[in-house]
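Enquirer: Sequence first, predicted coordinates after that:
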Amino acid sequence: MRTLTFQRVTFTMGLPLLKRAIQDQVEKTRNFVSRSLVIGEVLSMADMATGVKCGIIYWLFGGAIRSLGGPAHVTQWLQPLQEQKYTGMFAMTERGHGSNVRAIQTEATFDFSAQEFVIDTPCKNAEKMYIGNAMYGNYAAVFAQLIINGRSQGPHCFIVPVRDENGSLYPGVTVVDMMHKEGLHGVDNGILRFDSVRIPRENLLDKFGSVAPDGQYHSPIKDKSARFNAMLAALTPSRLAVTFQAMGSMKLGLTIAIRYSHSRRQFGPKAREEVKIIEHQTQTLRLMPHLATALALTFASRYAGTLLDEDIFRGKELVDSRPLQALVAGLKAYSTWENVSCLQDCRECTGGMGYMMENQISGLKCDTDVFVTFEGDNVVMLQVVVRELLAQYTKQCEERPVSSLLRNWAESGSDRLRTSFLAFNMDTVGHLTFLLKAVHFRERILQRGLVARIYYKVMTEKEDFFSAWNSCLHHITCLSLAHIHRVTLEQFCLAVRNCPDQEDQDLLKQFCLLYGTKLVFQERAWYLEHKYLTPMTSMRIRRQLLHLCNSVKDDALRVISAFNISHASLHAPIAGFANPNAAWVLYPAPQHSLAGERARSPRPKLGAKL
Ligand SMILES: Cc1cc2nc3c(=O)[nH]c(=O)nc-3n(C[C@H](O)[C@H](O)[C@H](O)COP(=O)(O)OP(=O)(O)OC[C@H]3O[C@@H](n4cnc5c(N)ncnc54)[C@H](O)[C@@H]3O)c2cc1C
């Protein structure tokens with residue numbers, strides 16, 4: 001059934017969208033990344049498997065050629081890919097090594113006499129696993145240890161032909177279908193094995209490491225570890241694409257759950273009509289904070305997309321944008337976890353109906369669960385963020401030791417002052433400034449604490465760095481999320497400030513307040529521990545959360561309408577469009593139908609921005 005959906009979408013609405021996304025990449029307009037990301041989000045709402053498969057072919061395989069290859073590779077491989085002459089796959093993960101890619105065992109041995117590389121899978125653990133498009137793709141971007149004269153130069157990426165245009169495998173290549181998964185049934189995932197597969201020397205994507213005809217190895221980056229990190233930077237755009245897909249999934253799930261909650265009725269005052277389930281406090285408490293988060297993520301990920309566009313347009317290498325790589329890694333982890341939690345709440349908030357496949361939420365849950373794992377496990381992604389935060393901190397201290405020291409003292413002094421007695425006015429809890437200061441405080445304290453702990457373990461207790469880092473992993477993941485929360489709230493506040501329409505601005509501000517309140521509420525134990533909140537202010541935050549959830553529940557219809565999800569993508573009957581004879585349509589549909597909203601308001605409203 002899911003495969004049928006995949007085909008329907010691919011050949012009806014999927015193809016025009018796909019062509020536009022590819023066209024954008026060809027044109028290289030100033031905002032081609034942002035546009036492709038948004039198109040990817042829309043495509044994923046139409047059918048998640050189609051979105052993911054396109055991600056594999058264009059963001060991962062195409063992205064490897066663009067980021068790791070030279071101009072000749074782009075002409076030879078990327079252009080025909082964009083013209084849809086063939087498809088590709090991205091083969092990095094192995095049975096033995098997933099997160100620790102540096103330790104992969106596939107080999108690419110240089111044969112000097114034939115001027116070829118020989119690709120081999122030396123053992124079972126070196127088999128490439130989970131590879132998307134493995135059952136249909138023609139070429140694979142294969143990560144393998146580059147071996148010259150018996151010495152490994154570390155992992156490099158090679159273009160390896162897998163099957164011809166008729167679908168026949170080339171000699172030495174074995175592909176095994178991995179068959180059934182939890183979801184994404186429209187995507188084929190397989191195991192790849194290589195047995196002395198010969199490829200020309202030119203098939204090495206050689207931006208960060210090349211082999212001359214005489215077998216000499218050259219790299220602009222001498223340090224092996226730094227070189228490998230540079231190669232991993234190629235994953236940045238595709239990780240951001242996953243963030244957009246996770247957002248698309250949240251928006252779809254929330255649209256279904258909120259529309260249903262505004263139409264279904266259960267319980268009510270004696271002898272009166274039953275109330276809509278959205279009137280139950282717990283219903284708003286479970287749905288509204290997710291809606292606020294979906295908005296916050298929209299602004300934060302578009303901000304990351306703009307930065308990526310600027311870098312690519314200016315010809316800056318991804319490897320030189322470490323803060324951006326870290327931001328994207330953090331957004332990928334945060335958005336995909338938020339999506340899992342959001343869909344679970346949407347499922348529960350729609351009762352038994354939400355469990356039915358036709359109502360889309362269960363399918364979305366199955367399809368997007370893996371987002372927390374692929375393109376980099378979330379816990380590993382959070383460590384990328386903190387490594388960059390600490391690198392920036394160290395750099396600052398090295399470059400400007402005196403001013404850094406003074407700043408640290410000043411910040412730590414003001415933080416102590418703030419938490420030593422009630423230095424803030426309880427009335428300000430409802431201001432965005434209070435919430436922003438709170439998330440800044442949390443990030444700062446966590447960062448200062450982590451630096452001190454690692455320094456103590458390594459310098460005083462002489463622990464090796466791996467053990468010191470490992471024993472701080474909980475602290476590290478908290479800091480990473482605190483950083484992403486702060487950036488996301490800041491971007492939301494900026495979006496509110498820059499909103500040109502007063503009515504829209506007022507609405508966005510309420511959701512922004514809700515988002516900030518949720519962030520402080522969910523960490524209230526920590527804030528109480530650190531005396532940033534008193535028990536009284538903590539209670540106030542809880543009351544504020546409940547009040548905001550209740551006050552935005554009707555406006556939520558305006559927001560989901562502004563998501564502009566097409567009727568073709570939103571086919572869950574409980575969302576109130578598809579089947580007028582369905583059993584639960586005992587109640588009037590919500591007033592804010594998408595069509596109704598458009599008919600009432602020809603002026604572009606929130607939809608233009610979301
Ligand atoms: C449906 C699907 C499609 C995929 N498609 C592709 C594809 O097209 N191409 C491709 O190359 N790969 C693909 N993958 C592989 C995917 O990228 C890996 O599964 C992922 O990188 C995690 O690796 P792993 O499964 O080996 O888990 P592991 O690395 O073994 O991780 C298992 C657990 O250990 C924890 N862990 C590991 N290292 C650390 C650490 N340093 N600190 C703290 N915790 C740690 C993780 O958090 C996780 O909870 C796909 C996977 C799936 C499931």
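Expert: Arrived safely, thanks for sending.
Enquirer: Mind telling me what element the residue of the stretch 251-400 of the chain at minimum distance from the ligand is part of?
Expert: Of all residues in the stretch 251-400 of the chain, Val379 sits closest to the ligand, at 3.7 Å by Cβ to the nearest ligand atom. Just so you know, the C-beta spots here come from the backbone N, C-alpha and C atoms, and that holds for glycine as well. Using DSSP states H and E, Val379 sits in helix 378-399.
Enquirer: okay, now the residue of the stretch 251-400 of the chain closest to the ligand: neighbour count?
Expert: If you count neighbours by other Cβ atoms under 10 Å, Val379 ends up with 15.
Enquirer: before we move on, the earlier item: in the helix holding Val379, what counts as buried?
Expert: 378, 381-390, 393 (16 or more other Cβ atoms under 10 Å).
Enquirer: As JSON lines, the residues you listed with distance to Gly96 and pLDDT would be great.
Expert: Below are the buried residues of helix 378-399 laid out as JSON lines (distance: Cβ to Cβ, whole Å; pLDDT from 0 to 100):
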{"residue": "Asn378", "distance to Gly96": "21", "pLDDT": "98"}
{"residue": "Met381", "distance to Gly96": "21", "pLDDT": "98"}
{"residue": "Leu382", "distance to Gly96": "23", "pLDDT": "98"}
{"residue": "Gln383", "distance to Gly96": "21", "pLDDT": "98"}
{"residue": "Val384", "distance to Gly96": "22", "pLDDT": "97"}
{"residue": "Val385", "distance to Gly96": "26", "pLDDT": "98"}
{"residue": "Val386", "distance to Gly96": "26", "pLDDT": "98"}
{"residue": "Arg387", "distance to Gly96": "24", "pLDDT": "96"}
{"residue": "Glu388", "distance to Gly96": "28", "pLDDT": "96"}
{"residue": "Leu389", "distance to Gly96": "31", "pLDDT": "96"}
{"residue": "Leu390", "distance to Gly96": "29", "pLDDT": "95"}
{"residue": "Tyr393", "distance to Gly96": "34", "pLDDT": "90"}
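Enquirer: and this protein, which residues reach the ligand?
Expert: The chain has residues 56, 90-93, 98-99, 130-132, 181, 189, 370, 373-374, 376-377, 379-380, 473 near the ligand, with proximity defined as Cβ under 6 Å from any ligand atom.
Enquirer: Show me just the buried residues among these.
Expert: Among these, those classed as buried by 16+ other Cβ under 10 Å are 56, 90-93, 98, 130-132, 189, 370, 374, 376.
Enquirer: Roughly how far does the residue nearest to Phe441 when sequence neighbours are not counted sit from Leu513?
Expert: Of all residues not flanking Phe441 in the chain, Tyr532 sits nearest, at 5.9 Å (Cβ to Cβ, 6 or more residues apart in numbering). Note on Tyr532: its distance to Leu513, by Cβ to Cβ, to the nearest Å, is 18 Å.
Enquirer: Now the residue in the stretch 51-200 of the chain that the ligand sits nearest to: phi and psi?
Expert: Nearest residue of the stretch 51-200 of the chain to the ligand, counting by Cβ to the nearest ligand atom: Gly98, 1.8 Å away. Main-chain dihedrals, Gly98, degrees, to the nearest 10: phi -110, psi -70.
Enquirer: close enough to count as contact, it and Gly376?
Expert: No - counting by Cβ atoms under 8 Å, Gly98 does not reach Gly376; the two are 9.5 Å apart.
Enquirer: buried set for the longest helix along the chain?
Expert: Longest helix of the chain, by residue count under DSSP state H: helix 281-313. Across helix 281-313, burial judged by 16+ other Cβ under 10 Å covers 283-284, 286-305, 307-309, 311-312.
Enquirer: For the next helix or strand after it, buried residues please.
Expert: The helix or strand immediately downstream of helix 281-313 is helix 322-349, counting by DSSP H and E. Residues of helix 322-349 classed as buried: 322, 324-340, 342-347, 349 (neighbour count, 16+ other Cβ under 10 Å).
Enquirer: Give me the helices and strands touching the helix or strand following helix 322-349, please.
Expert: The first helix or strand that comes after helix 322-349 along the chain, using DSSP H and E, is helix 351-355. On a contact count with 3 or more Cβ pairs under 8 Å, 6 or more residues apart in numbering; DSSP states H and E, helix 351-355 meets helix 236-261, helix 322-349, helix 361-368.
Enquirer: count of residues packed around Arg272?
Expert: 7.
Enquirer: so who does the residue nearest to Thr121 when sequence neighbours are not counted touch?
Expert: Excluding its sequence neighbours, the residue lying closest to Thr121 (Cβ to Cβ, 6+ apart) is Arg193, at 4.6 Å. When contacts are counted by Cβ atoms under 8 Å, 6 or more residues apart in numbering, Arg193 touches 121, 127-128, 173-176.
Enquirer: Adding secondary structure and pLDDT, write those residues out as TSV.
Expert: Below are those laid out as TSV (DSSP: H, G, I helix; E, B strand; the rest coil; pLDDT from 0 to 100):
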residue	secondary structure	pLDDT
Thr121	coil	98
Glu127	coil	98
Lys128	strand	98
Val173	strand	98
Thr174	strand	98
Val175	strand	98
Val176	strand	98
